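Enquirer: Provided below for reference: sequence and predicted model.
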Amino acid sequence: MTDETQAETSMRRGRPAGSRNKPKRANAQREPVHQPMHDNADDLESFDPELYTPSDPMRFPPDVIRTLENDFGHVLQWVTTEVGGKAYPDFVNHRRRQGFQEVRRGSFQGLLRPYVSSGDANGVVTVEGAMLMTIPIQFWRKIKAKMKAAADEAKARHEQAHRTEGVNVPGGDHESALAHNKHRHGYSPYEKVPD
């Protein structure tokens, strides 16, 4: 046997000898120092729970929104500035190219001031990684019309591809399958839930 193999066989692996048979701590069976709160009947009778009522810091009353649209001719939109602490300036820059502007606390003759408690150093309204922006309602209608036209065009292309090319499943391009590839458009309104 060489010196290396003798050294390897003499080394023991695992826990040191005697470590499994340690004596228990002397204070292991003592009573706990801290008692739980509200442990007696008097506390239970006097306990009055406060219910949590969530509030949305990004919500404005409907009459304020209508006033902005009717009297000032503007529409509001929240734009994300950061996600998880990472800044996304592209979102804001894209909206600026579309014609949006930042809303400041004093904008619209101070109409939003009672509902806005936070903002950055320049007075721009920001809440939890989102910035409040506005655009004239005529521009907003053009943007919405363009978005709807793009969505309708994509939907029409999708339906046309299903009719001519088939569905991406085995046998989806067979002539009998193509004859039945139809998108049915129907709308049945749901009953409104009473207030």
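Expert: Noted; the coordinates are in hand. Numbering: from 1, shown residues only.

Enquirer: Output the below-cut-off pLDDT ranges for this protein.
Expert: Within the chain, the ranges that satisfy pLDDT under 70 run 1-12, 14-28, 35-44, 118-121, 166-168, 172, 178, 181-187, 195.

Enquirer: tell me, what residue is most central in it?
Expert: residue 83 (9.1 Å; CA atoms, centre = their mean).

Enquirer: Let me see the contact set for it.
Expert: residue 129 (CB atoms under 8 Å, 6 or more residues apart in numbering). From N, CA and C alone the C-beta is placed, and that goes for glycine too.

Enquirer: Just give me how far stretch 136-144 sits from the chain centre.
Expert: Here stretch 136-144 is found 26 Å from its chain centre; the criterion is CA atoms, centre = their mean, to the nearest Å.

Enquirer: And for it, what's in contact with it?
Expert: With CB under 8 Å, 6+ apart, stretch 136-144 has contacts from 69, 73-75, 98-99, 135.

Enquirer: re earlier: how close does the residue nearest to the centre of the chain sit to residue 45?
Expert: 47 Å (CB to CB, to the nearest Å).

Enquirer: quick one, helices of this structure?
Expert: 3-10, 41-46, 62-67, 89-98, 107-110, 137-164, 175-180 (DSSP state H).

Enquirer: Pop the domain breakdown of this protein in here.
Expert: 62-137, 141-179 (automatic domain parsing).

Enquirer: Which of those domains sits closest to residue 50?
Expert: domain 62-137 (21.6 Å; CB to CB).
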